[in-house]
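# A predicted structure for the sequence below; I have some questions about it.
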Amino acid sequence: MTEIRAEARLPTTDLRADLPFFSKVLRMRLDMIYPADDPAVAVFSGHGLRVRLEQKPGEPGVLRLLTDDAGFAGGERALVSPGGTRVEVDELNPPLVLPATEHAFVVRRLADQAPWVIGRAGMQYRDLVPSRLGGAMIASHIRIPDGGPVPDMVHFHKVGFQLIFCIRGWVDVLYEDQGGLRRLNAGDCFIQPPRIRHRVVEASDGIEVIEIGVPAEHVTEIDHEMTLPTPVERPEREWDGQRFVHNRAEGAEWRPFRLAGYEARDTTIAEATRGVAGVMVVRPGAGEPEWVAHDGDILFGFVIKGGFTLEGEGKEPFGLTAGDAFVIPPGMATRWAGPSADLEILEVSLPGRFATRAAE
């Protein structure tokens with residue numbers, strides 16, 4: 001079998017002084033050095049990296065090392081080798097930072113022709129909350145026009161919360177410790193706990209989903225070692241205190257909603273996330289819509305089908321129809337007026353439990 005090696009080339013102005021720096025401070029192994037009488041090249045390996053130091057002038061290189069050893073390099077986070085190489089030391093698994101929410105009233109209409117962009121695995125993305133509330137969340141309308149196998153790899157997301165809700169078609173996904181293929185049909189949803197490994201396998205023509213992620217900017221990592229499905233099924237396993245949920249629309253129970261004039265089905269996500277987030281599907285019910293305000297941090301809505309008029313204090317009424325999205329900030333008085341008989345709204349809240357009161 002042909003062997004291939006890769007090296008990163010770094011110039012150094014002082015190779016002799018760099019030798020102990022790379023071996024003792026950075027804990028790398030010296031693999032090669034030449035010529036013997038007056039060394040001009042040295043090759044080090046370590047930490048998944050192979051570095052070729054060459055005695056010559058040039059723009060200094062940068063090495064970024066990730067470690068969970070607080071004492072690495074004497075605890076320093078920024079170093080410069082004698083030969084000029086800059087070294088950055090950072091945490092291997094830094095804690096997830098959730099930005100403070102920049103509250104705003106947002107309406108995003110499908111008719112406004114927001115651009116669709118090509119994202120991961122060839123999927124088309126439409127941004128539903130362009131401001132992302134200051135980085136607190138991202139809401140995407142995702143579609144795959146032509147179905148079939150999806151060129152995806154086993155991966156995971158470093159997130160605080162992530163929801164996949166299917167609004168059209170179906171998609172097959174494999175999840176770590178959750179058995180074989182899971183088919184998500186229209187009206188169904190998954191909650192993907194932080195770091196759960198998964199892979200999208202196949203989708204129908206015209207599949208469309210809504211994906212909510214917290215925070216807006218989060219890391220997706222490929223897992224080259226894990227094969228799905230995993231051999232053991234553990235439905236009660238938790239990732240960062242959250243359980244995987246596959247909630248199905250078929251046979252769901254509808255109950256009175258927090259807003260008069262509506263009823264809802266609970267996807268059980270508030271329970272599965274220990275109150276981090278809640279997800280409801282809402283439709284017209286008994287009573288007349290009223291003016292109310294809430295005290296939650298984030299309240300996002302997406303019109304699955306039908307239509308209604310979103311009224312807000314100090315705002316012109318917005319007639320919303322299928323494909324439109326909105327965000328209602330805490331304390332703002334609103335009313336969901338004039339719902340059509342076939343109206344269905346996806347509501348996502350953070351936290352999962354919050355108070356709603358009649359507006360004065």
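Perfect, thanks for sending it. Numbers count the residues shown, from 1 in each chain.

# who's Gln124 bridged to?
Listed by DSSP bridges, the beta-bridge partners for Gln124 are Ile118, Arg143.

# ugh, wrong one, Met280
The residues paired with Met280 through beta bridges, assigned by DSSP bridges, are Asp266, Glu347.

# Check Phe326 too.
Val107, Gly301.

# now it: how far from Thr268?
When distances are taken as C-beta to C-beta, to the nearest Å, Phe326 and Thr268 turn out to be 24 Å apart. From N, CA and C alone the C-beta is placed, and that goes for glycine too.

# The two: which has the busier surroundings?
The residue with more neighbours, out of Phe326 and Thr268 and counting by other C-beta atoms under 10 Å, is Phe326; that gives 23 against 15.

# per-residue confidence for the more buried one?
pLDDT, Phe326: 98.

# doesn't Leu128 make contact with it?
No - counting by C-beta atoms under 8 Å, Phe326 stays clear of Leu128, with 9.0 Å between them.

# Identify the contacts common to the two.
Contact criterion C-beta atoms under 8 Å, 6 or more residues apart in numbering; residues bridging Phe326 and Leu128 by contacting each: 108, 300.

# Leaving out chain neighbours, which residue sits closest to Pro82?
Taking C-beta to C-beta, 6 or more residues apart in numbering as the measure, Pro82 lies nearest to Ala17, with 3.4 Å between them; neighbours along the chain are not counted.

# Name the SS class of the one you found, please.
Look at Ala17: counting by DSSP: H, G, I helix; E, B strand; the rest coil, its state is helix.

# which residues does it contact?
When contacts are counted by C-beta under 8 Å, 6+ apart, Ala17 touches 81-83.

# same for the lowest-mean-pLDDT helix or strand in the chain, what does it pack against?
Averaged element by element with mean pLDDT, DSSP states H and E, the chain has its least confident helix or strand at strand 117-118 (a mean of 78). With contacts defined as 3 or more C-beta pairs under 8 Å, 6 or more residues apart in numbering; DSSP states H and E, the packing partners of strand 117-118 are strand 124-127.

# Check which helices and strands the strand it packs on sits against.
With contacts defined as 3+ C-beta pairs under 8 Å, 6+ apart, the packing partners of strand 124-127 are strand 117-118, strand 138-144.

# which one of those has the most crowded surroundings?
The highest mean neighbour count among those belongs to strand 138-144 (a mean of 21), with neighbours defined as mean count of other C-beta atoms under 10 Å.

# Excluding chain neighbours, what is closest to Ile164?
Excluding the flanking residues, the one nearest Ile164 by C-beta to C-beta, 6+ apart is Phe190, at 4.5 Å.
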